[in-house]
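Colleague: model this:
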Amino acid sequence: SLQVNAEDYESNAAMVGEDAEGEVDLVIELSPIEKIIQEEEVVLNPIMFDFDKSNIRKQAAFELDKLVAVMQKYPEMKIKVEAHTDKRGPSSYNQQLSERRAQSTVQYVISKGIDESRISGEGLGESSPKVECDPCTDQQYELNRRSSFRIEK
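Modeller: Below you'll find the predicted structure:
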């Protein structure tokens, strides 16, 4: 995997084949970072979690780096992380799990140099699914295990 970063642009990545030898000609397009800033939120590709886990996946870290870039560009911006779970398991457990997911997301951003006063987190449990389903497919469950990023200031 080859990752490209440039100031004021969304990072992007591409896969290079394992059998590639010598020089490889590869074009990786970058979009302006402002593109992910909406009126009330920073919209990233989904930050999803494994079932019953709160650790940051590799792909989620790649997306969170985009949030860090936005926050570095706009030093007055404050973000509230809203973490969610799917509906499997007791709602009280899911609430606690979502709070752990929110904190893990916040800690990742802080670890990248963003001041802790600029980012907070809240676990919303299973109260706001992205996909209403019963029963759900594995993909639908995964879409509901996510974090979103509301702009507070």
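
Colleague: Backbone dihedrals for the residue lying farthest from the centre of the chain, both of them.
Modeller: Seen from the C-alpha centroid of the chain, the residue lying at the greatest distance (CA atoms, centre = their mean) is Gly22, 34.3 Å away. Gly22 adopts backbone torsions of phi 70, psi -150, taken as degrees, to the nearest 10.

Colleague: How confident was the prediction at it?
Modeller: For Gly22, the pLDDT comes out at 75.

Colleague: ok, now His84?
Modeller: 91.

Colleague: Let the chain start at 55 from now.
Modeller: Okay, using 55 as the starting number, the last item reads as His138.

Colleague: Now for it: which residues touch it?
Modeller: His138 sits next to 152, 155, 178-184, 198-202 when contact means CB atoms under 8 Å, 6 or more residues apart in numbering. Placement of C-beta: from N, CA and C, glycine included.

Colleague: The same query, at a cut-off of 10 Å, please.
Modeller: Neighbouring residues of His138 by CB atoms under 10 Å, 6 or more residues apart in numbering: 102-103, 148, 151-152, 155-156, 177-184, 197-202.

Colleague: All the helices of the protein, in order from the start?
Modeller: 112-127, 145-165, 192-198 (DSSP state H).

Colleague: Next, the angle from the longest one to helix 112-127.
Modeller: In this structure, helix 145-165 runs at an angle of 50 degrees to helix 112-127, with axes from the mean of the first three to the mean of the last three CA atoms, to 10 degrees as the basis.

Colleague: need the contact list for the residue most central in space within the chain.
Modeller: The chain has Ile101 as the residue nearest its centroid, 3.3 Å off, counting by CA atoms, centre = their mean. Counting by CB under 10 Å, 6+ apart, Ile101 touches 110-111, 113-118, 121, 135, 137, 155, 159, 162, 199-203.

Colleague: and the longest strand for this structure?
Modeller: Criterion DSSP state E: the longest strand present in the chain is strand 95-102.

Colleague: for the protein, which spans come out with low pLDDT?
Modeller: 74 (pLDDT under 70).
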